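A.B. asks: with the input below, show me the fold.
(chains A, B, C and D)
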There are 2 protein chains.
Amino acid sequence: MSKTRGESQDDALRTRLRSTGLKVTPIRMDVLDYLLTIGQPVSHSDVQSAFPMLDRVTIYRTLASFVKSGIAHQVQGLDGMWHFCAHDPNASGCPGNHPHFLCLSCGKMICLLDQRMPRVDVTGGNVVEGKQFVAYGFCQECAAKRKD
Amino acid sequence: MSKTRGESQDDALRTRLRSTGLKVTPIRMDVLDYLLTIGQPVSHSDVQSAFPMLDRVTIYRTLASFVKSGIAHQVQGLDGMWHFCAHDPNASGCPGNHPHFLCLSCGKMICLLDQRMPRVDVTGGNVVEGKQFVAYGFCQECAAKRKD
DNA sequence: GAAATTGCGCAACTTGGTTTCAGTAAGAGG
DNA sequence: CCTCTTACTGAAACCAAGTTGCGCAATTTC
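C.D. replies: The predicted structure follows:
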């Protein structure tokens, strides 16, 4: 597919996929490369825009396989859509356990890696498995545009 | 429609609706009564189940009118669906600015009214308009069922 | 009680996401 | 290098959440 990557980058991607038990395919290479390059949670439609030739279902399945194998995590925005983020295995807080910021205007999501997930006291026998914290508003670019 | 409410309750609902500028209709009375009775965020489909004779679109619009007029607030669950909660105008934290708990098994949502919304530092010129905090897991009933 | 306004039901449409199934490519073993 | 098993991929159909447009009916206001 895309020939814009170098040999060493290809090797890194290949190794990363293989280490999780996933088969190495050109599509997975490309999508993983895309996720890592963006570095922020992207929606399915973002991926679709980046790879218009790919089937919708294939993208869904590719992203799902990443999440299942632990290569990526998913967060949901206020728009109701899942956003996927691949993370360097050595990165600090990126198994997904951190707050996110969502731009209401352009839909861009940003991982707030430096922020701790706040704790919460849930009473009455309810068991907490995890939590999701999304701050929303306007990103730098969109905030600037709205001032005009 | 339903004749299960008393006259005084009807009056309270009527006053509440009229005070926000909304027209008083039987449907709005019923749905508002339902929301207030449940007291926790419910999804559109919950309302639909409670009032099967109502048109889907009417329910969407009714709920939207409540949110717009401030009678209710909406939160999104991890299931991607909006949950609506009407609140007593005198209640403490219920304009929606509090964390929520979502049961992954039965989909029930619970307002954590006693918890403060955690603050978050968003850097880089991004403007925060609001935030949403959802803890998820299993509610008391579902947690008990899973132990079996 | 009539006019202007708003709410309601219906149908059609959009979009995110899933399922099924047949064909094809990846990787293990010879 | 070949082939066999396994899995990935693409196409079509499907489902559910949510929205839009329009004619009709109900509520308010005068």
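
A.B. asks: in chain A, what residue comes closest to DNA strand C?
C.D. replies: In chain A, the residue that lies nearest DNA strand C is A:Val24 (3.4 Å; C-beta to the nearest atom of the strand). In short, each C-beta sits where N, CA and C put it, glycine included.

A.B. asks: run through the residues that contact that residue.
C.D. replies: Each residue near A:Val24 by C-beta atoms under 8 Å, 6 or more residues apart in numbering or on different chains is listed here: A:14, A:17-18.

A.B. asks: SS state for it?
C.D. replies: For A:Val24, the assignment made with DSSP: H, G, I helix; E, B strand; the rest coil gives coil.

A.B. asks: returning to that earlier point: from the contacts of A:Val24, pick the one nearest DNA strand D.
C.D. replies: Using C-beta to the nearest atom of the strand, the contacts of A:Val24 come closest to DNA strand D at A:Leu17, 9.6 Å.

A.B. asks: show me what contacts that closest one?
C.D. replies: Contacts for A:Leu17 (C-beta under 8 Å, 6+ apart) come out as A:23-24, A:28-29, A:32, A:71.

A.B. asks: quick one: least confident of these?
C.D. replies: Across the contacts of A:Leu17, the smallest pLDDT goes to A:Ile71, namely 91.

A.B. asks: need the pLDDT of the most far-flung residue of chain A relative to its centre.
C.D. replies: Residue farthest from the centre of chain A, counting by C-alpha atoms, centre = their mean, is A:Gly124 at 33.5 Å. We have a pLDDT of 81 for A:Gly124.

A.B. asks: phi and psi next, for it.
C.D. replies: phi 80, psi 30 (degrees, to the nearest 10).

A.B. asks: can you map out the helices along chain A?
C.D. replies: A:7-19, A:26-38, A:44-50, A:56-69, A:140-147 (DSSP state H).

A.B. asks: looking at those helices, which is closest to A:Lys131?
C.D. replies: helix A:56-69 (17.5 Å; C-beta to C-beta).

A.B. asks: contacts for the closest one, please.
C.D. replies: With contacts defined as C-beta under 8 Å, 6+ apart, helix A:56-69 is touched by A:20-22, A:27-28, A:31-32, A:35, A:44, A:47-48, A:51, A:72-74, A:82, A:84, A:86.

A.B. asks: measure the residue farthest from the centre of chain A to DNA strand D for me?
C.D. replies: Using C-beta to the nearest atom of the strand, to the nearest Å, A:Gly124 is found at 26 Å from DNA strand D.

A.B. asks: identify the residues contacting the closest residue in space to that residue that isn't next to it in sequence.
C.D. replies: Leaving out its chain neighbours, the residue that sits closest to A:Gly124 by C-beta to C-beta, 6 or more residues apart in numbering or on different chains is B:Gln140, at 5.8 Å. Listed by C-beta under 8 Å, 6+ apart, the contact set of B:Gln140 reads A:124-126.

A.B. asks: repeat for A:Ser105
C.D. replies: A:Ser105 sits next to A:138-139, A:142, A:145-146 when contact means C-beta under 8 Å, 6+ apart.

A.B. asks: one more time with 10 Å, if that's ok
C.D. replies: Counting by C-beta atoms under 10 Å, 6 or more residues apart in numbering or on different chains, A:Ser105 makes contact with A:137-139, A:141-143, A:145-146.

A.B. asks: of all those, which comes closest to chain B?
C.D. replies: Nearest to chain B among those is A:Gly137, at 3.9 Å by C-beta to the nearest C-beta.

A.B. asks: how many other residues sit next to the nearest residue to A:Leu112 once chain neighbours are set aside?
C.D. replies: Spatial nearest neighbour of A:Leu112, excluding adjacent residues (C-beta to C-beta, 6+ apart): A:Pro99 at 4.5 Å. A:Pro99: 26 surrounding residues under other C-beta atoms under 10 Å in any protein chain shown.
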